[in-house]
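> sequence below, structure please.
(one chain, ligands or ions: 1)
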Amino acid sequence: MSMEVAIRSIQHYMYCPHRWGLLEIDKAWAENAFVTKANLMHDRVHDPERSYVSKGKKVYTSVPVYHDLPEYNLYGVTDCLELTRDSMGVSINGSAEKYRICIVEYKPTKPKDNKYHEEDLMQVFAQKLCVDYVFGSDCEGVLYYADVKKRVALPLKENFEMCDQQLRQLLKEMRRNLEQGVIPPIRKGQKCSGCSMKDLCMPSIKKPKDILDEIRKIQEAEECL
Ligand code: SF4
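Below you'll find the predicted structure:
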């Protein structure tokens, strides 16, 4: 059986594999304003008391989902599932009515240049796989940006094959690194703005490629003196 992977760790890996390695393998962590803001929002959304009916939709928050076939073996919690009555949908827990399901993932801020970050698309895609596996559905997914109070529909069905291939590849890499205990090196051109781990990682300090090689060079230089 393949190693279980938390859906949120896929985002970490996509954002920066080195950061993911520090979090998963070194278990290092540093909070900053971005993380705290996101955590507060998650605390609110993940209140299990918050299941309600809104505009004719049944809304469930903090729904745990999983997909335990070995090619995925994923688990996570969706911020919110919206159920809309639809004769073409699926029944939930044996209900007589059928519903269309939509995942709503909350994000504090909308990206400046794009409708969504690729890692957020992948996060909701992984959630979709789990939701569809659990409920037998073909659900949709949207991001809700708190700063602009807007929803953005994600092209999950249109890009299914591409996302699926990318996800399988990511899971393969992540599991290989976890099994071997490897923290991936800092990626060339890595964007670090807003990263909560800057103080631990110190990306601007050039690390010697080979420490033994550096020592050898110093010894050789000393011998020449
Ligand atoms: S500071 Fe940059 S390189 Fe270091 S973990 Fe954060 S994003 Fe990655």
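> my guess is residue 185 contacts residue 16, does it?
No - judged on Cβ atoms under 8 Å, residue 185 makes no contact with residue 16 at a distance of 10.8 Å. C-betas here are computed from N, CA, C, even on glycine.
> the two: which is more packed in?
Neighbours around residue 185 and residue 16, counted as other Cβ atoms under 10 Å, are more numerous at residue 16. The numbers are 22 against 12.
> what is the burial count for the nearest residue to the more buried one once chain neighbours are set aside?
Spatial nearest neighbour of residue 16, excluding adjacent residues (Cβ to Cβ, 6 or more residues apart in numbering): residue 190 at 5.7 Å. Neighbours of residue 190 under the rule other Cβ under 10 Å: 15.
> also the one 3 residues further on?
A count of neighbours around residue 193, defined by other Cβ under 10 Å, yields 6.
> again with residue 147
Other residues lying near residue 147 total 10 when counted by other Cβ under 10 Å.
> which residues touch the closest residue to it other than its chain neighbours?
Residue nearest to residue 147 in three dimensions, not counting chain neighbours: residue 109, with 4.8 Å by Cβ to Cβ, 6+ apart. Taking Cβ atoms under 8 Å, 6 or more residues apart in numbering, we find residue 109 in contact with 145, 146, 147.
> let's have these in a markdown table, adding pLDDT.
Below are the contacts of residue 109 laid out as a markdown table (pLDDT from 0 to 100):
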| residue | pLDDT |
| --- | --- |
| 145 | 97 |
| 146 | 95 |
| 147 | 95 |
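> wasn't residue 152 part of a strand?
Yes - under DSSP: H, G, I helix; E, B strand; the rest coil, residue 152 falls within a strand.
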